[in-house]
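*Asks:* My questions are about this predicted structure, shown below with the sequence.
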Amino acid sequence: MRRTRWRIGVAGSRLLHTPEPKPGDVLVVGGEASVQFAGERRLRFRVISVDRKPTYEGWVWVTGYVIDKFGDAAERREIFVQRRGLYRLPRREQRP
């Protein structure tokens, strides 16, 4: 099994900085978003909803599913993260 490493902020990266997540986005959530997701605890996260209630400046509550190594939804979670630390994977093109 080949292990994929996500590179954040590197030229040529597939990740797109996304300070305003939307339902359907698949995010890479790492240490820049919150210390609890640093290093090996980083995760892929499919967004279901974004809470619009005011919180601390630059932070947001996001509800969604943790995506496992097979691309399946493994666990539903609500996470409190910094917007500036969120990165979105590019959307897949729809095939006819």
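*Replies:* Yes, it's here.
*Asks:* backbone phi and psi for residue 40, please?
*Replies:* Backbone geometry at residue 40, expressed as degrees, to the nearest 10, gives phi -70, psi -10.
*Asks:* tell me the pLDDT at it?
*Replies:* pLDDT for residue 40: 91.
*Asks:* Next: residue 95.
*Replies:* Looking at residue 95, its pLDDT is 55.
*Asks:* swap in residue 37?
*Replies:* 94.
*Asks:* and if you look at residue 53?
*Replies:* 90.
*Asks:* swap in residue 61?
*Replies:* pLDDT, read off for residue 61, is 96.
*Asks:* Secondary structure of it: a helix, I assume?
*Replies:* No: counting by DSSP: H, G, I helix; E, B strand; the rest coil, one finds residue 61 to be strand, located in no helix.
*Asks:* quick one: residue 50 and residue 64 touch, right?
*Replies:* No: taking C-beta atoms under 8 Å as the definition, residue 50 is not a contact partner of residue 64, at 9.1 Å. Every C-beta, even on glycine, is put in place using the N, C-alpha and C of the backbone.
*Asks:* show me what contacts the residue most central in space within the chain?
*Replies:* In the chain, the centroid-proximal residue (C-alpha atoms, centre = their mean) is residue 27; its distance is 2.2 Å. By C-beta atoms under 8 Å, 6 or more residues apart in numbering, the residues touching residue 27 are 18, 21, 44, 45, 46, 47, 62, 64, 86, 87, 88, 89.
*Asks:* of these, the lowest pLDDT goes to which?
*Replies:* Across these, the bottom pLDDT score, 75, is held by residue 18.
*Asks:* surely it meets residue 85?
*Replies:* No: judged on C-beta under 8 Å, residue 18 makes no contact with residue 85 at a distance of 10.1 Å.
*Asks:* Comparing these two, which residue is more hemmed in?
*Replies:* Higher neighbour count among residue 18 and residue 85: residue 85, with 20 against 17, using other C-beta atoms under 10 Å.
*Asks:* Residue 25 versus the more buried one, what's the distance?
*Replies:* Distance, residue 85 to residue 25, by C-beta to C-beta, to the nearest Å: 14 Å.
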